Every structure is written in C-alpha cells, then in structure tokens.
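[1] Sharing a sequence plus its predicted fold:
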Amino acid sequence: METINISRNELKKIIRETFVDVLNERKDIIGNAVVEAIEDFGLAGAIIKERTGEYIGTESFKKKLESRIKRTK
C-alpha cells in the first residue's frame, strides 16, 4: 500500500468538496435529517409544555402529538 502525503489545506479542500457533492447529489439525506430534527424538537417541546407529573396512555399521547403535527403543517 502506498502512502500519500497531503497538506492540511488540501485535506480541508477535499473534505469540503466531498461534503458539497453529497449535499448536491443526496438532498434526501439532508431533508430527512432536518425533518427528524424538527420532529424531535416538537416532541421535546410538547413533553415540556404538557409536563404535569401524571402519566397518560399511549393512544392519548399519539392523538395529541398527531393533532399538534397537523396544526404546524
């Protein structure tokens, strides 16, 4: 196996170009990551806002979550 020496600046350039290529060619990856982040943020906000110390059933929780998601669309 051959060893290749590159400078720090060359490595940064290669990484930057690769990242840009991925962003341009695989927008679905970024889109999915953004959607997941927004969903996580919304879930965390709902949990904090509705925190009462009491537990609710799974179905009740899902209905509340779905209604909030629909309101934000």
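    Yep, it's here. Given the structure is predicted, the values throughout are model-derived calculations rather than measurements. Numbers count the residues shown, from 1 in each chain.
[2] Check which helices and strands the helix or strand harbouring residue 46 is in contact with.
    Using DSSP states H and E, residue 46 falls within helix 27-49. When contacts are defined as 3 or more C-beta pairs under 8 Å, 6 or more residues apart in numbering; DSSP states H and E, helix 27-49 packs onto helix 58-72. Any C-beta I mention is one placed from the backbone N, CA and C, and that applies to glycine too.
[3] what's the helix it packs on in contact with?
    39, 42, 43, 46, 50 (C-beta atoms under 8 Å, 6 or more residues apart in numbering).
[4] from the middle of its chain, how far away would that helix be?
    20 Å (C-alpha atoms, centre = their mean, to the nearest Å).
[5] Okay, the closest residue to residue 23 other than its chain neighbours and residue 58: tell me how far apart.
    Closest residue to residue 23 apart from its sequence neighbours, by C-beta to C-beta, 6 or more residues apart in numbering: residue 30 at 6.2 Å. Note on residue 30: its distance to residue 58, by C-beta to C-beta, to the nearest Å, is 31 Å.
[6] cool, residue 49 as well?
    Note on residue 49: its distance to residue 58, by C-beta to C-beta, is 19 Å.
[7] got it, and residue 42?
    Distance of residue 42 to residue 58, given as C-beta to C-beta: 18 Å.
[8] CA atoms of stretch 23-42 as PDB?
    The C-alpha trace of stretch 23-42 is given here as PDB (Å, rounded to 0.1, in the frame of the first residue of the first chain):
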ATOM      1  CA  LEU A  23     -25.300  17.900  -0.300                       C
ATOM      2  CA  ASN A  24     -26.000  18.400  -4.000                       C
ATOM      3  CA  GLU A  25     -26.500  14.800  -5.000                       C
ATOM      4  CA  ARG A  26     -28.200  13.400  -1.900                       C
ATOM      5  CA  LYS A  27     -30.600  16.100  -0.800                       C
ATOM      6  CA  ASP A  28     -32.900  13.400   0.600                       C
ATOM      7  CA  ILE A  29     -30.300  12.700   3.300                       C
ATOM      8  CA  ILE A  30     -30.300  16.300   4.400                       C
ATOM      9  CA  GLY A  31     -34.100  16.600   4.100                       C
ATOM     10  CA  ASN A  32     -34.600  13.500   6.200                       C
ATOM     11  CA  ALA A  33     -32.200  14.800   8.900                       C
ATOM     12  CA  VAL A  34     -34.000  18.100   9.000                       C
ATOM     13  CA  VAL A  35     -37.400  16.500   9.300                       C
ATOM     14  CA  GLU A  36     -36.200  14.300  12.100                       C
ATOM     15  CA  ALA A  37     -34.700  17.200  13.900                       C
ATOM     16  CA  ILE A  38     -37.900  19.200  13.700                       C
ATOM     17  CA  GLU A  39     -39.900  16.200  14.900                       C
ATOM     18  CA  ASP A  40     -37.600  15.700  17.800                       C
ATOM     19  CA  PHE A  41     -37.700  19.400  18.700                       C
ATOM     20  CA  GLY A  42     -41.500  19.400  18.500                       C
END
